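what follows is a predicted protein model with its sequence.
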Amino acid sequence: MGKPTGFVEFDRALPSKRTPQERIKDYHEFVNRYTDHTLQQQASRCMNCGVPFCHNGCPLGNIIPEFNDAVYKKEWNKAFQILSSTNNFPEFTGRICPAPCESACVLGINHPPVTIEEIEKHIIEIAFENNFIQPKKIHKRTGKKVAVIGSGPAGLATAAQLNYAGHQVVVYERDDKAGGLLRYGIPDFKLEKWVVDRRIKLMEQEGIIFKYHANVGVNINVSELVKEYDAIVLAGGSTIPRDLAVKGRNLNGVHFAMHFLKQQNKRNADIDPLAMASIESNIYPTTINAQGKNVIVIGGGDTGSDCVGTSNRQQATSVIQFELLPMPPKERNYNMPWPSYPTLLKVSSSHEEGADRKWSIATKEFLGDANGNLKSIKIVDLNWTTTVDGKLGNYSEVAGSEREIPCELVLLAMGFTNPQYEGLLAQLNIELDERKNVKAGDKNYQTNIQKVFTAGDMRRGQSLVVWAISEGRECARKVDEFLSNKNSMLERKDNSLLVHLDQVVVKIP
């Protein structure tokens with residue numbers, strides 16, 4: 001490594017942020033950049049460890065020690081080439097990934113780990129600023145056509161890789177712009193949409209075609225696609241939200257989190273979400289706004305955190321976040337040994353902006369007024385047991401803890417259960433697994449229909465953006481093998497940099 005003693009000399013340091021009081025006045029990103037000197041110091045903390053476990057921690061297998069070394073030496077182009085060899089979209093993962101690589105960092109055994117995620121974001125932004133990133137020229141086309149249905153991170157990664165392999169790729173997106181949850185699920189204050197637009201423009205320049213308002217199975221004939229394309233990749237995500245079947249669920253004021261978040265992202269893009277509701281079936285046709293309301297968010301994950309941040313920006317009177325599970329520990333325990341990804345207490349930037357967080361809470365009932373509007377929520381405390389190995393067991397209600405909390409808006413942020421079956425999947429007669437995800441092999445990503453493949457949350461269930469990108473890349477390899485009737489030479493997850501020798505397509509440095 002460039003500085004073998006860096007991890008001893010320098011402490012972990014994150015970039016500064018705008019204050020909570022300032023940033024809740026807008027929807028812009030608020031994390032500042034490192035100075036070049038600080039970036040160099042943080043990269044130098046990467047040790048010359050014998051076995052870099054960060055490789056295993058990252059679903060993409062990013063070659064982290066090598067790009068950290070290049071950053072320390074200020075070899076920006078080299079750092080970019082190393083990072084982009086395994087990750088199609090570092091500008092996304094560098095902003096919104098929970099960084100499992102950092103949990104597996106060897107330095108993290110007894111010191112704060114290397115700031116891998118921030119370094120990754122800085123590499124890609126420096127690469128854009130220095131024009132290292134240019135549309136890749138596809139030297140030879142194969143004559144094969146592939147339809148990718150869904151333009152979230154899995155669909156985009158699949159499309160990018162198949163395009164590099166020389167196939168003509170058309171991406172079908174039911175919304176008005178590409179990105180999936182990157183665009184209309186993740187708030188702008190975590191990922192501004194010019195970042196997504198920049199990447200989509202680059203992909204278009206490389207030859208990928210995007211078709212919008214194309215809801216396959218609704219306004220696009222599925223059977224025609226099967227006839228027209230040599231292969232089809234289903235990357236529509238896991239879109240059915242987990243519901244809460246308690247009395248009063250249908251009161252005005254109880255909404256799914258994604259409806260709330262998507263509406264605000266539409267407004268940020270100067271789009272009237274209600275005007276789009278007649279065109280896009282996945283937009284809730286009722287305005288959801290937290291201004292002047294007591295808001296309760298049910299669900300303690302990232303989506304719940306996004307609801308907290310958005311509610312504060314909409315000037316909610318109060319925000320409370322409930323979680324069914326008990327409060328996680330602040331540090332690893334014997335059930336979460338290094339280098340596994342630990343379930344620890346996370347204080348997100350949205351929590352910093354203000355929220356009353358409560359754990360071990362179950363919802364009993366939503367209560368409304370005479371007009372059918374939500375006025376309060378009835379909850380109860382839970383008492384969890386643990387098994388002999390320290391894992392959570394069963395829970396019971398705490399006697400006498402039942403109570404009502406006034407609220408006018410409840411946001412259900414409890415995750416997603418499975419992809420939508422009606423329409424596309426039903427018309428294709430796609431087989432599902434026991435969790436109602438699209439059934440496909442781990443090794444070939446192929447469904448029960450020979451030319452139809454699947455990747456991302458639609459196949460593996462609700463997961464991380466970094467996993468979706470990994471799925472897309474691996475699925476693209478299998479589609480390429482199917483189309484070429486031989487082993488694909490697209491880059492593998494084991495970091496080998498290989499390309500077709502007989503029909504190349506793109507020169508990868």
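Cool, got the structure. Numbers count the residues shown, from 1 in each chain.

contacting residues around the lowest-mean-pLDDT helix or strand in the chain?
Least confident element among the helices and strands of the chain, by mean pLDDT, DSSP states H and E: helix 273-277 (a mean of 76). With contact meaning Cβ atoms under 8 Å, 6 or more residues apart in numbering, helix 273-277 is reached by D176, K262, Q263, K266, R267, I283, Y284, P285, T286, T287. Where you see a C-beta, it was placed from the backbone N, CA and C, and this is true even at glycine.

show me which of those has the smallest pLDDT value.
Lowest in pLDDT among these is I283, which has 67.

could you dump stretch 234-248 to CSV, C-alpha only?
Output of stretch 234-248 as CSV, limited to C-alpha atoms (Å, rounded to 0.1, in the frame of the first residue of the first chain):
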residue,chain,number,x,y,z
LEU,A,234,-37.7,-9.4,-16.1
ALA,A,235,-36.4,-6.8,-13.7
GLY,A,236,-39.6,-5.2,-12.4
GLY,A,237,-38.7,-5.4,-8.7
SER,A,238,-40.6,-6.4,-5.6
THR,A,239,-43.5,-4.0,-5.7
ILE,A,240,-46.3,-5.3,-3.4
PRO,A,241,-46.0,-3.5,-0.1
ARG,A,242,-46.5,-5.4,3.2
ASP,A,243,-49.8,-4.3,4.7
LEU,A,244,-51.1,-4.1,8.2
ALA,A,245,-54.4,-5.9,8.6
VAL,A,246,-55.9,-4.2,11.7
LYS,A,247,-59.2,-2.5,12.3
GLY,A,248,-59.4,1.0,10.8
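
what about that stretch, average pLDDT?
97.

can you give me the buried ones in it?
Of the residues in stretch 234-248, L234, A235, G236, G237, S238, T239, P241, L244, G248 count as buried by neighbour count, 16 or more other Cβ atoms under 10 Å.

kindly report the same for stretch 263-277.
Neighbour counts over stretch 263-277 (16+ other Cβ under 10 Å) mark Q263, Q264, N265, K266, R267, N268, I271, P273, M276, A277 as buried.

got a list of what the third one touches?
The contact partners of N265, taken as Cβ under 8 Å, 6+ apart, are R183, Y184, G185, P187, D188, K193.

quick one: which of the residues you listed is nearest P100?
Comparing these against P100 with Cβ to Cβ places G185 closest, at 20.1 Å.

what's next to stretch 35-44, contact-wise?
1-3, 6-7, 9-10, 12-13, 34, 68-69, 71-72, 74, 114-115, 118-119, 122.

give the rounded mean pLDDT of it.
Mean predicted lDDT for stretch 35-44 stands at 97.

so which bits of it are buried?
T38, L39, Q40, Q41, Q42, A43, S44.

got the CA positions of it in CSV?
Below are the C-alpha coordinates for stretch 35-44, written out as CSV (Å, rounded to 0.1, in the frame of the first residue of the first chain):
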residue,chain,number,x,y,z
THR,A,35,-10.7,17.9,0.4
ASP,A,36,-8.1,16.0,-1.7
HIS,A,37,-5.9,15.9,1.3
THR,A,38,-8.5,14.3,3.6
LEU,A,39,-9.6,11.9,0.8
GLN,A,40,-5.9,10.8,0.5
GLN,A,41,-5.7,10.3,4.2
GLN,A,42,-8.9,8.2,4.4
ALA,A,43,-7.7,6.0,1.5
SER,A,44,-4.4,5.5,3.2
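
what about it, distance to the chain center?
From the chain centre to the centre of stretch 35-44 is a distance of 27 Å (Cα atoms, centre = their mean, to the nearest Å).

which ones among the contacts of helix 273-277 lie within helices?
Among those, DSSP state H puts K262, Q263, K266, R267 in helices.

how about the second one: what's its closest non-neighbour residue?
With Cβ to Cβ, 6 or more residues apart in numbering as the criterion, Q263 has its nearest non-adjacent residue at 4.3 Å, and that residue is P273.

and the first one, by the same measure?
Beyond its immediate neighbours in the sequence, the residue positioned closest to K262 (Cβ to Cβ, 6+ apart) is Y184, lying 4.5 Å away.

and L324, by the same measure?
Per Cβ to Cβ, 6+ apart, closest to L324 is A362, 6.2 Å.

what separates the helix or strand harbouring the one you found from the chain centre, distance-wise?
Here A362 sits within strand 361-368, counting by DSSP states H and E. The chain centroid and the centroid of strand 361-368 are separated by 30 Å under Cα atoms, centre = their mean.

got it, and stretch 195-204?
Taking mean C-alpha positions (Cα atoms, centre = their mean), stretch 195-204 and its chain are 17 Å apart.

other residues contacting it?
With contacts defined as Cβ under 8 Å, 6+ apart, stretch 195-204 is touched by 89, 91-92, 95, 128, 133, 135, 156, 159-160, 163, 177-179, 182-183, 210.

list of residues touching the helix or strand where I124 lies?
Assessed by DSSP H and E, I124 sits inside helix 116-129. With contact meaning Cβ under 8 Å, 6+ apart, helix 116-129 is reached by 14-15, 33-34, 39, 42-43, 54, 62, 64, 67-68, 71, 76-77, 79-80, 83-84, 87, 90-91, 93-95, 97, 99, 101-102, 105, 133, 198.

kindly export it (C-alpha atoms) in CSV.
The C-alpha coordinates for helix 116-129 follow below in CSV (Å, rounded to 0.1, in the frame of the first residue of the first chain):
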residue,chain,number,x,y,z
ILE,A,116,-15.0,2.8,1.6
GLU,A,117,-18.5,4.1,0.5
GLU,A,118,-17.4,7.8,0.6
ILE,A,119,-14.2,7.0,-1.2
GLU,A,120,-16.2,5.2,-3.9
LYS,A,121,-18.4,8.2,-4.4
HIS,A,122,-15.5,10.5,-4.7
ILE,A,123,-13.8,8.3,-7.3
ILE,A,124,-16.8,8.4,-9.6
GLU,A,125,-17.5,12.1,-9.2
ILE,A,126,-13.8,13.0,-9.8
ALA,A,127,-14.0,10.7,-12.9
PHE,A,128,-17.0,12.6,-14.3
GLU,A,129,-15.4,16.0,-13.5
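
what comes up buried for it?
By 16+ other Cβ under 10 Å, the buried positions in helix 116-129 come out as I116, E117, E118, I119, E120, K121, H122, I123, I124, I126, A127.

just stretch 454-462 next, same as before
Neighbour-count burial for stretch 454-462 flags T454, A455, G456, D457, M458, R459, R460, G461, Q462 (criterion: 16+ other Cβ under 10 Å).

surely the last one meets P419?
To tie it back to what came earlier, the one meant is Q462. No. The criterion here is Cβ atoms under 8 Å, and Q462 misses it with P419 at 9.9 Å.

between these two, what contacts are shared?
Here Q462 and P419 have S238 as joint contacts, going by Cβ under 8 Å, 6+ apart.

thinking again about what came up before, now tell me what touches the following helix or strand past the helix holding I124 from outside.
The element immediately downstream of helix 116-129 (helix or strand, assigned by DSSP H and E) is strand 145-149. Strand 145-149 is contacted by residues 155, 158-159, 162, 167-172, 216, 225, 228-236, 424, 479, 483 when judged by Cβ under 8 Å, 6+ apart.

quick one on the thing from earlier: dump the residue contacts of the residue nearest to L324.
If you count contacts by Cβ under 8 Å, 6+ apart, A362 has them with L324, I379, V380, D381, L382, E397.
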